[in-house]
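Enquirer: I'll drop the sequence and a predicted model, then ask my questions.
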Amino acid sequence: MRVALLILIVLAPAAALPVAKHVTLPAAEFSSTLPQGQGQATVAIRMFQLDQRPVTNAEFLDFVRTNPQWRRDRVAALFADPQYLAHWQAPAELGAAARPMQPVTRVSWFAAKAYCESRGERLPTWYEWEYAAAASETKPDARGDAAWRQRILDWYAQPSTGALPDVGLGPANFYRVQDLHGLVWEWVLDYNALLVSNDSREQGGADRLKFCGEGALSAADRDNYAVLMRIAYLSALEARFTTGNLGFRCATGSL
Amino acid sequence: MRDRLALALLSVFLLAGVGASIAGEDHAAHEVIAPGAAVPGESLYQLTLPLTGQDGKTMPFDSLRGRPMLVTMFYTSCDGVCPMLAFTMRRVVAALPTEQRARVQALMVSFDPERDSPQALQAFAKLHQLDSAQWLLARADEGDVRELAAVLGIRYRPLPGGVFSHSAVITLLDADGVVRARTENLQTLDPDFMRAVSHTLEQ
């Protein structure tokens, strides 16, 4: 199946590949890995639309060409670190090291957010992302499915060597969303809502003040390691950071 | 199995840390100033951020340029750490030599634009004796609040019942809006932070 897909992609001219498409996810009472307030088990998610796949180099190149303030040689240092789009051959050229259909990476939160806003959209929230990513190919919430969880964990366990695959090659999940697992990490709108504390912080008097209120995640509580790794990763980011395996997709719908 | 995953989790933290330090080292070389704007590239005044103060007036964030500033984020109905944030900022100002004291601006921006009206901000200022000549308590739109928190490295999350979980950070900006120091120490006066405040005010 995978081989057949690969052949199909190789044979298809780049221009014939579909542009980003949204799918609609229904409203839900979602049980997040993030702890809620006292007596609350779920969070209400409204109906929203999500990109089927991450934003590509080609799409981001178009954005940078129309919005030159987001070129790597013009962006304000507050909004992107020095590695922003560093793998592109030139500020407005992809070159050989960045294929058009690869997910765009080395983008900061500000840049990802500006891209979605230029499309009249926004980044998905963490809850939206987690909700979409809980689905397997056949179930809207497969988090209790040990085999599915293991498959995702296997991706995290693989060393990331070599070039990133193109977007859209992963299986479509229950909502027809692709590449939520197995390709890149993804920015979310409220990446800075993810508070992670560890046991030593909980105990120390001074450190207890670092996070006011409940809702800081104790990394020891839960079994869902793949989601915990996402949370841990996102919670260590700053808005200007970029890395070679951090991309994004866009969403629409009122928050 | 559990151990291997704990290791993987740890390596995620470490990798993010490495990224951070690399970004820090290259920072000076990368300074890019947008054409036509005199604001430094890493200045927080790059943000477009309308603030509405406790007096109900709205002003652009960069109208505060020209004066070193202590800035933090809070919300008025927070009874935990937020009064401590105001108290600590007041202590920092009070510990300065008299001639420096009036030259620093104090800014507290709310996480909670829904509930923190100018009246609520005014009441908080009164309760904690924050003089409006020096203290600006402000609300901003939700998206702008998130951007400000992002550049200040502040994490926050709304929880049911009007409660916010948030990190408590006080940041020092120089007159141009560039971050000079930050502290999360609300128990004692942080000596490194005090030195940075004094040094910035001398410039």
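Expert: That came in fine, so what should we check first?

Enquirer: looking at it, residue B:92 is touching residue B:191, isn't it?
Expert: No. If you go by C-beta atoms under 8 Å, residue B:92 and residue B:191 don't touch, sitting 11.3 Å apart. For every residue, glycine as well, the C-beta is placed using N, CA and C.

Enquirer: Counting neighbours, go ahead and name the busier of these two.
Expert: More crowded of residue B:92 and residue B:191, by other C-beta atoms under 10 Å in any protein chain shown: residue B:92, with 20 against 10.

Enquirer: dump the residue contacts of the more buried one.
Expert: B:70, B:170, B:189, B:193, B:194, B:197 (C-beta atoms under 8 Å, 6 or more residues apart in numbering or on different chains).

Enquirer: try 7 Å this time
Expert: Residue B:92 sits next to B:70, B:189, B:194, B:197 when contact means C-beta atoms under 7 Å, 6 or more residues apart in numbering or on different chains.

Enquirer: Would you mind measuring from the last one to residue A:75?
Expert: Right, residue B:197. Residue B:197 sits 30 Å away from residue A:75, going by C-beta to C-beta, to the nearest Å.

Enquirer: which of these two has more neighbours?
Expert: Each of residue B:197 and residue A:75 has its neighbours counted (other C-beta under 10 Å); residue A:75 has more, 27 against 24.

Enquirer: so how far is residue A:191 from the more buried one?
Expert: 19 Å.

Enquirer: What of residue B:131?
Expert: With C-beta to C-beta as the criterion, residue B:131 and residue A:191 are 36 Å apart.

Enquirer: more neighbours, these two?
Expert: Each of residue B:131 and residue A:191 has its neighbours counted (other C-beta under 10 Å); residue A:191 has more, 27 against 10.

Enquirer: Excluding chain neighbours, give the residue nearest to the more buried one in space.
Expert: Once flanking residues are discounted, residue A:191 sits nearest to residue A:234: 4.7 Å by C-beta to C-beta, 6 or more residues apart in numbering or on different chains.

Enquirer: Could you list everything residue B:74 pairs with in the sheet?
Expert: With DSSP bridges applied, residue B:74 shows beta-bridge pairing to residue B:110.

Enquirer: which ones are touching it?
Expert: By C-beta under 7 Å, 6+ apart, the contact set of residue B:74 is B:82, B:85, B:108, B:110.

Enquirer: circling back to that earlier point, number of nearby residues for the residue nearest to residue A:191?
Expert: When neighbours are counted by other C-beta under 10 Å, residue A:234 comes out with 24.

Enquirer: That one: helix or strand, and which one exactly?
Expert: Per DSSP states H and E, residue A:234 falls inside helix A:225-235.

Enquirer: can you give me the helices in chain A?
Expert: Taking DSSP state H to define them, one finds helices in chain A at A:2-11, A:57-66, A:109-118, A:126-133, A:146-157, A:199-203, A:205-208, A:225-235.

Enquirer: The ones you listed into CSV, with extra columns for mean pLDDT and distance to residue A:165?
Expert: CSV is the format used below for the helices of chain A (pLDDT from 0 to 100; distance: least, C-beta to C-beta, whole Å):
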stretch, mean pLDDT, distance to residue A:165
helix A:2-11, 46, 9
helix A:57-66, 98, 13
helix A:109-118, 98, 20
helix A:126-133, 96, 18
helix A:146-157, 85, 12
helix A:199-203, 33, 38
helix A:205-208, 38, 41
helix A:225-235, 86, 19
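
Enquirer: Thank you kindly, that will do.
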